[in-house]
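Visitor: curious how this folds, go ahead:
(one chain, ligands or ions: 1)
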Amino acid sequence: MLDQDHKVSRAIVDFAKENKISVIRLEQLANIRQTTRTSRKNEKNLYTWSFYRLSQFIEYKAKLEGIKVEYVNPAYTSQTCPKCSEKNKAQDRKYKCKCGFEKHRDIIGAMNIRYAPVVDDKSQSA
Ligand SMILES: [Zn+2]
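Guide: Numbers count the residues shown, from 1 in each chain. All right, here's what the predicted structure looks like:
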């Protein structure tokens with residue numbers, strides 16, 4: 001598990017470096033802690049906790065590369081469809097988009113963070 005976090009964080013930072021992305025977006029840590037506490041019985045507890053630790057790895061590795069880590073409101077990242085970038089409101093915990101994309105709300109948030117880091121103005125269209 002720990003090893004995987006290192007690999008994933010490395011991949012994210014390398015991706016940012018190769019694509020000259022200067023800022024990586026992560027969900028606010030405070031909110032992740034809260035989610036971990038309130039969903040103890042839920043199996044996604046493991047996922048949220050692992051994501052908290054993962055974000056710390058990302059921050060550490062990014063800093064070494066001179067890449068900034070920015071914390072964003074999870075409510076916002078969870079609204080954007082990873083497939084078509086349309087913004088939708090999640091109904092309870094389930095996220096459903098017009099384009100047919102359907103997944104758990106928190107997974108959407110993590111996907112958006114992983115695959116859509118903030119880009120410089122110049123290369124915003126990417
Ligand atoms: Zn969509």
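Visitor: contact residues of the protein facing the ion?
Guide: Listed as neighbours of the ion in the chain under the rule C-beta under 5 Å from the ion: C81, K83, C84, E86, C97, C99, F101. Just so you know, the C-beta spots here come from the backbone N, C-alpha and C atoms, and that holds for glycine as well.
Visitor: from those residues, list the buried ones, please.
Guide: For those, a burial check counting by 16 or more other C-beta atoms under 10 Å picks out C81, C97.
Visitor: okay if I get the residues of the chain next to the ion as TSV plus secondary structure, pLDDT and distance to V72?
Guide: Below are those laid out as TSV (DSSP: H, G, I helix; E, B strand; the rest coil; pLDDT from 0 to 100; distance: C-beta to C-beta, whole Å):
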residue	secondary structure	pLDDT	distance to V72
C81	coil	79	16
K83	coil	80	20
C84	coil	84	20
E86	coil	83	18
C97	coil	86	20
C99	coil	90	23
F101	coil	83	20
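Visitor: what would the residues of the chain next to the ion look like in CSV with distance to K7?
Guide: Shown next, in CSV, are the residues of the chain next to the ion (distance: C-beta to C-beta, whole Å):
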residue, distance to K7
C81, 27
K83, 25
C84, 29
E86, 31
C97, 29
C99, 30
F101, 26
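Visitor: shouldn't S22 be in contact with I67?
Guide: Yes: using C-beta atoms under 8 Å, S22 and I67 qualify as a contacting pair, with a distance of 6.1 Å.
Visitor: next, show the common contact partners of these two.
Guide: Taking C-beta atoms under 8 Å, 6 or more residues apart in numbering as the contact rule, S22 and I67 both touch A16.
Visitor: packing partners for the strand or helix carrying Q4?
Guide: Following DSSP states H and E, the helix or strand that holds Q4 is helix 2-18. Under the contact criterion of 3 or more C-beta pairs under 8 Å, 6 or more residues apart in numbering; DSSP states H and E, helix 2-18 touches strand 23-27, helix 44-64.
Visitor: that helix vs strand 23-27, what angle?
Guide: Angle, helix 2-18 to strand 23-27, by axes from the mean of the first three to the mean of the last three C-alpha atoms, to 10 degrees: 140 degrees.
Visitor: got the contact list for helix 2-18?
Guide: With contact meaning C-beta under 8 Å, 6+ apart, helix 2-18 is reached by 21-22, 24, 50, 53-54, 57-58, 60-62, 65, 67, 114, 117.
Visitor: much appreciated, bye for now.
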